[in-house]
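# Using only what follows, build the 3D model:
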Amino acid sequence: MKYFTPLLPFIAGWILLLITDSFAVMGLYNGLLQLVLFGLVVCIPIWKTHRMSYVDIGWPLGLMLIGALTWLLSSGDPLRTALVSVVYLSVGGRMGFGALKLWSMGRLKQEFPRYEYQKQRWIASGKTNTQLAMQVDALWQGLANASFLAMPAFVIGTNANQHIHFLEIVGMLVWIGAFSMESIADTQKLTFLRNMKKAGKRNRVCNVGLWKYSRHPNYFAEWMVWNGLIIAAIPSFMALYETETFVIWLALGAGLLMASWKMYSTLVYDTGAEPSEYYSLQKRPEYRAYQETTNRFFPGPIKQVMEKK
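Model prediction:
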């Protein structure tokens, strides 16, 4: 049972969508198609290669699927529906393009370090059947797309009010800022790595640009992308009070918050900052000093230790 426990919240989230008056059809189509997608693109390759890295292709393709279904099946205001659909297509397309590029370069022939770290954690917790643990891990990510991560799009897509609420503008501005920040952070790191390679310097710490203020500004920005979507979904969520039962309405609100929390925990603990830093400490001699002067996740000023140098 310990292998399958992580699936339970996401199964509950999917069931929640299926029992609503507003999202039952979209939830059914999305859930089934996500399972098919992950089965073909992630689970079968994992079974054949014993590598988890294929999740990095399946998950963003799943986000694009949410965007497409929202656009095709939502009954809300066309402009609002188109905007949230484009957001999902953009987020998924950006990450999916990067993952497919790595695949074309042959990088998926080796397991990504964050997934090697995950395997070590499974063994330490008593999950010695790594093959089963990998399949369950892939499934919960597919079920996340079928449940909580689809909720902002579905909620926004059902709002037929043509009036744009102030919070929707705020949410979209947060999304634009965060999406731009993530792209800038990734570009800054790639430029830094290229410059270090040209200079013949190896295993240096990237502490330029946004990386001066957070050890993982790209992860923080990705989290804020989702928070922007959730903020934009608030007016549409409030409108659902008139069409859903009180209990279902409250559960959907909890589901929106769960999307933010799950993205945070994934980006910090599961496959984000924690495994990244585990390997950085081994490879980069200056990384421990970087940890002492720079916030891990939330951007902030350089700490006093750096100023004394």
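# What's the local residue count around P45?
19 (other Cβ atoms under 10 Å). Where C-beta positions appear, they are placed from N, C-alpha and C, glycine not excepted.
# pretty sure it is touching D56, no?
No. With contact defined as Cβ atoms under 8 Å, P45 does not count as touching D56 (11.3 Å).
# Overlap in contacts, these two.
With contacts taken as Cβ atoms under 8 Å, 6 or more residues apart in numbering, not a single residue reaches both P45 and D56.
# longest helix in the protein, by residue count?
helix 166-198 (DSSP state H).
# which helices and strands does that one pack with?
helix 78-104, helix 217-239 (3 or more Cβ pairs under 8 Å, 6 or more residues apart in numbering; DSSP states H and E).
# Output these as TSV; include the columns mean pLDDT, mean neighbour count and distance to Y264.
Supplementary listing: these in TSV, determined by pLDDT from 0 to 100; neighbours: other Cβ atoms under 10 Å; distance: least, Cβ to Cβ, whole Å:
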stretch	mean pLDDT	mean neighbour count	distance to Y264
helix 78-104	89	18	16
helix 217-239	97	22	5
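# Mind putting those into a markdown table with distance to T158?
Below are the helices and strands packed on helix 166-198 laid out as a markdown table (distance: least, Cβ to Cβ, whole Å):
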| stretch | distance to T158 |
| --- | --- |
| helix 78-104 | 9 |
| helix 217-239 | 7 |
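# for those helices, which one sits closest to P299?
Among the helices and strands packed on helix 166-198, the nearest to P299 by Cβ to Cβ is helix 217-239 (6.2 Å).
# Remind me what the closest one packs against, helices and strands.
helix 78-104, helix 151-157, helix 166-198, helix 246-265.
# Those into JSON lines, with extra columns for distance to Q135?
JSON lines is the format used below for the helices and strands packed on helix 217-239 (distance: least, Cβ to Cβ, whole Å):
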{"stretch": "helix 78-104", "distance to Q135": "19"}
{"stretch": "helix 151-157", "distance to Q135": "25"}
{"stretch": "helix 166-198", "distance to Q135": "29"}
{"stretch": "helix 246-265", "distance to Q135": "19"}
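# Nearest to M1, out of those?
Short answer: helix 246-265, nearest of the helices and strands packed on helix 217-239 by Cβ to Cβ, at 21.0 Å.
# tell me the angle of that closest one relative to helix 217-239?
Between helix 246-265 and helix 217-239, the angle comes out at 170 degrees (axes from the mean of the first three to the mean of the last three Cα atoms, to 10 degrees).
# Find the centremost residue of the protein, please.
Geometric centre of the chain, nearest residue: M263, 5.4 Å, by Cα atoms, centre = their mean.
# So that one is in contact with W223, correct?
Yes. At 5.3 Å, M263 and W223 qualify as touching, with contact defined as Cβ under 8 Å.
# Where does the prediction get shaky in the chain?
By pLDDT under 70, the weakly predicted segments of the chain are 305-309.
# Okay, W122 and M52: tell me how far apart.
11 Å (Cβ to Cβ, to the nearest Å).
# Looking at the two, which is more packed in?
M52 (25 against 19).
# Would you confirm that that one contacts Q118?
Yes. Counting by Cβ under 8 Å, Q118 is a contact partner of M52 at 6.9 Å.
# Quick check: neighbours shared by these two?
Counting by Cβ under 8 Å, 6+ apart, the contacts common to M52 and Q118 are D137.
# Identify whichever of the helices and strands packed on helix 217-239 lies nearest to P285.
helix 166-198 (13.9 Å).
# Go through the closest one and flag the buried ones.
168, 171-172, 174-175, 178-179, 181-182, 185-186, 188-189, 192 (16 or more other Cβ atoms under 10 Å).
# now stretch 158-167
T158, N159, H165.
# sorry, back to before: I'd like to know which of the helices and strands packed on helix 217-239 is closest to F4.
helix 246-265 (17.4 Å).
# what helices or strands is the helix or strand encompassing M134 leaning on?
Using DSSP states H and E, M134 sits within helix 130-146. Other helices and strands packing on helix 130-146, by 3+ Cβ pairs under 8 Å, 6+ apart, are helix 8-18, helix 24-38, helix 44-49, helix 55-73, helix 113-124.
# Same list (those) but as a markdown table, adding distance to A251.
Shown next, in a markdown table, are these (distance: least, Cβ to Cβ, whole Å):
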| stretch | distance to A251 |
| --- | --- |
| helix 8-18 | 5 |
| helix 24-38 | 13 |
| helix 44-49 | 32 |
| helix 55-73 | 19 |
| helix 113-124 | 30 |
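# quick one: which of those helices is nearest L139?
With Cβ to Cβ as the yardstick, what comes closest out of these is helix 24-38 (6.8 Å).
# Can you give the contact residues for the closest one?
Contacts of helix 24-38 (Cβ under 8 Å, 6+ apart): 14, 17-18, 20, 58, 61-62, 65-66, 69-70, 73-74, 138-139, 141-143, 145-147, 150, 154, 157.
# Pull out the buried residues from these.
Using 16+ other Cβ under 10 Å as the burial test, these include 14, 17-18, 20, 58, 61-62, 65-66, 69-70, 74, 138-139, 141-143, 145-147, 150, 154, 157 as buried.
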